[in-house]
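Student: coords please:
(2 chains)
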Protein chains: 2
Amino acid sequence: MTTHSATLAVDEAVQARRAAGHDVLHLGFGEAGVPVAPGLAEVLTDAHLRNGYGPVAGSPQVRAAAAGWFTRRGLSTEPGQILFAPGSKPLLFALLAAIGGDVVLPCPSWVSYAAQAALLGRRVVSVPVPAEAGGIPDPELLERALRQAHADGARPGALVLTVPDNPTGTVAPAEQVEAVCAVAGRHGLAVISDEIYAELSHHGTAPSPVRYLAERTVVTTGLSKSLALGGWRIGFARTPAGSWGRRLQRELTGVASEIWSSLAAPMQAVAAHALDDPPEVTAHIAAARRLHARIAAEVHTRLRAAGALCRPPQAGFYLYPDFGPAREALRAQGITTGTDLATALLDRHGIATLPGSAFGEPGTALTLRLATSLLYGTTPQQRHTALSAREPETLPWISPALTRLSAALTELTAGRHRRPRS
Amino acid sequence: MTTHSATLAVDEAVQARRAAGHDVLHLGFGEAGVPVAPGLAEVLTDAHLRNGYGPVAGSPQVRAAAAGWFTRRGLSTEPGQILFAPGSKPLLFALLAAIGGDVVLPCPSWVSYAAQAALLGRRVVSVPVPAEAGGIPDPELLERALRQAHADGARPGALVLTVPDNPTGTVAPAEQVEAVCAVAGRHGLAVISDEIYAELSHHGTAPSPVRYLAERTVVTTGLSKSLALGGWRIGFARTPAGSWGRRLQRELTGVASEIWSSLAAPMQAVAAHALDDPPEVTAHIAAARRLHARIAAEVHTRLRAAGALCRPPQAGFYLYPDFGPAREALRAQGITTGTDLATALLDRHGIATLPGSAFGEPGTALTLRLATSLLYGTTPQQRHTALSAREPETLPWISPALTRLSAALTELTAGRHRRPRS
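Tutor: Numbering: from 1, shown residues only, chains lettered A, B, ... in the order given. The predicted structure is shown next:
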């Protein structure tokens, strides 16, 4: 019925290859790749007596901390609008369940949205993103797709936006977010704004849809990316103020109570601490943001040099190159799909990526998603060094990896490979 | 669309009453009520560097530990049959999703099974339990219900059994489990055996359905009850050996990858340690088991003295009295449903319980579920003392609570209350 999440599957495949002695350059997985911020381990330790279940939505302390965190970022929020979960992934699933209706997604978009919709028996309405940036559909195409969807008997209920975006690593311009929200509002959609990368916008802040469709936009986020705590599973949502938002908060709490009960209490303690924005935590995030920006820019330059089209990275640690300009050279090597391309990179060059088809694109698209964050090192010491380096791209475990990537890309796009695949 | 899980809802209501200064005797929530076992806090602390996502099913270490744990309990298991999750609740949900089909439940049964089925758009086929014990349906009624369900157009796919049982606190006899498994096998059902209370069987072991329908039975369990770690959210499942089991393991991993990614890595470290059965952990569980047995037996005596029917407790910390024999006396006080009875206990006597209707029974059933584990104390010190007490029922914070409960029950069943409710 379901397939293994493509991002998690490629990570497990890479670990297996490495265990078998292969040298793999892992650009397939959105692990943030920096160490745990100072102070968090102590909070985790101090929380070990908290073994009771506690409230579904989170403790009063952690909900107040999250409300303060949003409020300090210009979005006035009450603790009653907050709900915590073991990661933002279960929150997205619970929101699709609670909001109801079919699901409208930008294309490309993160691998799990469509899979979650399928688990709930919902249809997906897929709308291409504009040229400028990913994460939001093209407003005109959205209008058209919604009309067509209704004509086809679909009942669109939720529009998922990703600001900043995964897989493209870009930030949608404010005017496009506004235009998309206007269309969503006219069609009575709820907006789920996945803002897990908001703290990692390279320059300035990202325009949240909640500013344009305040009473119908739910924001989801968490600590997996900004603080590299994917393995601690800490996510939270902000439901809107107003009567629709209050009803959604109740529904969402109900779904949460039946699927996961609550976020682990020691992890709630960690979140309550981190979301108070202590200086050592904000400094850690700032250093990570700089590292992500610098390495993503470096890889972008190399992708362009190898002949790929690619939007310049603006947030997080992703790039989404399109190798369409090299289609003829690739075809001569037996490469006609994004999956062929990802397979050739892995088999011939030991470089793991994900094809655009994992993000909803047609198989023939010669797009890949590259995550650059696992270039920072494999040991905590290397990652610490990368985090504080002035020129991390010159570090002796990063520089050769970049060279290896350039060589592999150039060989592929120049058609210098001598053995076609089949 | 959904309601808040009844058990979590009553807990939050009690906390709110207490915060408002009311003295509530909390018998409504299945919190195991004992302290954290020795050694676990240190493991949690030592695991703080594990911030990466890791494999969906769990690390090789924790899967090996769980396989060893099952194997030492007489159920030979390979690590590949194990999958971890943030609690057993998400596992039950993912299993219903992965197995497919409508859901057959004993009546009464734990509150979330039916709610999860509803979230997935599945029908529920509800079959009464026999007089001896809860957690499994009456075998003859099951056969009849399945035929009727097929005639009504339902497509039963999964049968959920609870051995030992919540809400009745009983252990089904082996021959009844065997008979139910035979019916399930003939009808091609998969069995989901919820064994979260297996370590808390008061005398001897509980008969797992996996012994009778080995290739079609999935076992779910976790550390929330045996080690009172509800707030740490650690659950795991064992899929069967054989080709159906291998396919289910893949499907389950796929669903897990889309809904929750993985159990938090520090919690995996805790599980790997605890599931190796170190002596201080098994001693802690043995002490908890003795405490649960002793207090549940004490409350059972008092329920019978007040005129309720009630199966003797055999596992965990639950009792499921039926006040049917006092129906006339209760009616004279305006109490005609289980909800009326629970409301009267809370409003007149400050005693929180749950009505049988929360577990799937008709509203007119005068049944309640009592959880006895929150009688052990409200502070870690009280709980430590209760855990090691030879006669915990005589402790100065437990004995008066038992007396208060007896007085309230006797007043209700003897009809001594002067003011009818409406």
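
Student: when you work out contacts or count neighbours from here on, use the C-alpha atoms and nothing else.
Tutor: OK.

Student: pull up the distance across stretch A:105-113, start to finish.
Tutor: End-to-end distance for stretch A:105-113: 8 Å, by Cα to Cα, to the nearest Å.

Student: ugh, wrong one, I meant stretch A:384-396
Tutor: With Cα to Cα as the measure, the ends of stretch A:384-396 fall 14 Å from one another.

Student: which parts of it are buried?
Tutor: Neighbour counts over stretch A:384-396 (16 or more other Cα atoms under 10 Å in any protein chain shown) mark A:384, A:385, A:386, A:387, A:392, A:393, A:395 as buried.

Student: which one of the residues you listed sits closest to chain B?
Tutor: residue A:384 (12.4 Å; Cα to the nearest Cα).

Student: restricted to helices, list the buried residues of stretch A:384-396.
Tutor: Among the buried residues of stretch A:384-396, the subset assigned to helices under DSSP state H consists of A:384, A:385, A:386, A:387.

Student: between those, which is nearest residue B:53?
Tutor: Using Cα to Cα, the shortest approach to residue B:53 within those belongs to residue A:384, at 18.5 Å.

Student: which residues does the closest one contact?
Tutor: Shown in contact with residue A:384 (Cα atoms under 8 Å, 6 or more residues apart in numbering or on different chains): A:34, A:35.

Student: what about the helices in chain A?
Tutor: Applying DSSP H to chain A gives helices spanning A:6-19, A:40-46, A:60-72, A:88-99, A:111-119, A:139-151, A:174-186, A:243-259, A:265-274, A:279-305, A:327-331, A:338-349, A:380-388, A:399-413.

Student: Serialize those helices to CSV and add fields for mean pLDDT.
Tutor: Shown next, in CSV, are the helices of chain A (pLDDT from 0 to 100):
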stretch, mean pLDDT
helix A:6-19, 84
helix A:40-46, 94
helix A:60-72, 98
helix A:88-99, 98
helix A:111-119, 96
helix A:139-151, 97
helix A:174-186, 98
helix A:243-259, 97
helix A:265-274, 97
helix A:279-305, 98
helix A:327-331, 97
helix A:338-349, 94
helix A:380-388, 95
helix A:399-413, 96
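
Student: you'd agree residue A:184 is up against residue A:157?
Tutor: No: at 9.6 Å, residue A:184 does not count as touching residue A:157 under the criterion of Cα atoms under 8 Å.

Student: grab the nearest non-local neighbour of residue A:329.
Tutor: Excluding the flanking residues, the one nearest residue A:329 by Cα to Cα, 6 or more residues apart in numbering or on different chains is residue A:415, at 4.9 Å.

Student: so how far is residue A:343 from that neighbour?
Tutor: When Cα to Cα is applied, the distance between residue A:415 and residue A:343 equals 16 Å.

Student: list the contacts for the most centrally placed residue in chain A?
Tutor: Nearest to the geometric centre of chain A sits residue A:166, at 4.1 Å (Cα atoms, centre = their mean). Residues touching residue A:166, when contacts are defined by Cα under 8 Å, 6+ apart, comprise A:109, A:110, A:134, A:135, A:318.

Student: go on, residue A:107?
Tutor: If you count contacts by Cα under 8 Å, 6+ apart, residue A:107 has them with A:126, A:127, A:128, A:129, A:135, A:137, A:359, A:360, A:361.

Student: repeat that for residue A:114.
Tutor: Neighbours of residue A:114 in contact, by Cα under 8 Å, 6+ apart: A:105, A:124.

Student: rerun at 6 Å
Tutor: Residues in contact with residue A:114, defined by Cα atoms under 6 Å, 6 or more residues apart in numbering or on different chains, are absent; none qualify.

Student: ok, now how distant is it from residue A:124?
Tutor: Using Cα to Cα, which is the criterion applied here, residue A:114 is 7 Å from residue A:124.

Student: residue A:164 now?
Tutor: Residue A:164 sits 21 Å away from residue A:124, going by Cα to Cα.

Student: tell me which of those two has more neighbours.
Tutor: Neighbour count, other Cα atoms under 10 Å in any protein chain shown: between residue A:164 and residue A:124, residue A:164 has more, with 31 against 22.

Student: who in the stretch 151-300 of chain A is up against chain B?
Tutor: With Cα under 6 Å from any Cα of the partner chain as the criterion, the stretch 151-300 of chain A meets chain B at residues A:229, A:230, A:231, A:232, A:233, A:254, A:257, A:258, A:259, A:260, A:264, A:265.

Student: between these, identify the one with the most neighbours.
Tutor: Ranked by the number of neighbours (other Cα under 10 Å), these place residue A:264 first, at 31 neighbours.

Student: spatially nearest residue to that one (excluding sequence neighbours)?
Tutor: With sequence-adjacent residues excluded and distances taken as Cα to Cα, 6+ apart, residue A:264 is closest to residue B:232, at 4.6 Å.

Student: residue A:142 too?
Tutor: residue A:127 (6.1 Å).

Student: what pairs with that neighbour across the strands?
Tutor: Applying DSSP bridges to residue A:127 gives these bridge partners: residue A:106.

Student: surely it and residue A:138 touch.
Tutor: No: the pair formed by residue A:127 and residue A:138 falls short of the contact definition of Cα atoms under 6 Å, at 7.1 Å.

Student: what about the residue nearest to residue A:329, neighbour count?
Tutor: The criterion is other Cα under 10 Å. On that basis, residue A:415 has 18 neighbouring residues.

Student: try residue A:334
Tutor: Counted with other Cα under 10 Å, residues neighbouring residue A:334 total 16.

Student: quick check: phi and psi on it?
Tutor: phi 80, psi 10 (degrees, to the nearest 10).

Student: what pLDDT does residue A:415 get?
Tutor: Confidence at residue A:415, expressed as pLDDT, is 79.

Student: against chain B, how distant is it?
Tutor: Relative to chain B, residue A:415 is positioned 36 Å away (Cα to the nearest Cα, to the nearest Å).

Student: again with residue A:95
Tutor: Using Cα to the nearest Cα, one gets 12 Å for the distance from residue A:95 to chain B.

Student: what does residue A:290 give?
Tutor: For residue A:290, the distance to chain B - Cα to the nearest Cα - is 20 Å.

Student: equivalent analysis for residue A:46, please.
Tutor: Residue A:46 is 9 Å from chain B, by Cα to the nearest Cα.

Student: just want the residue of the stretch 101-250 of chain A that's nearest chain B.
Tutor: Closest approach between the stretch 101-250 of chain A and chain B, counting by Cα to the nearest Cα: residue A:231, at 4.1 Å.

Student: contact partners for that residue?
Tutor: Contacts for residue A:231 were tallied using Cα under 6 Å, 6+ apart; they are B:51, B:52, B:53, B:264, B:265.
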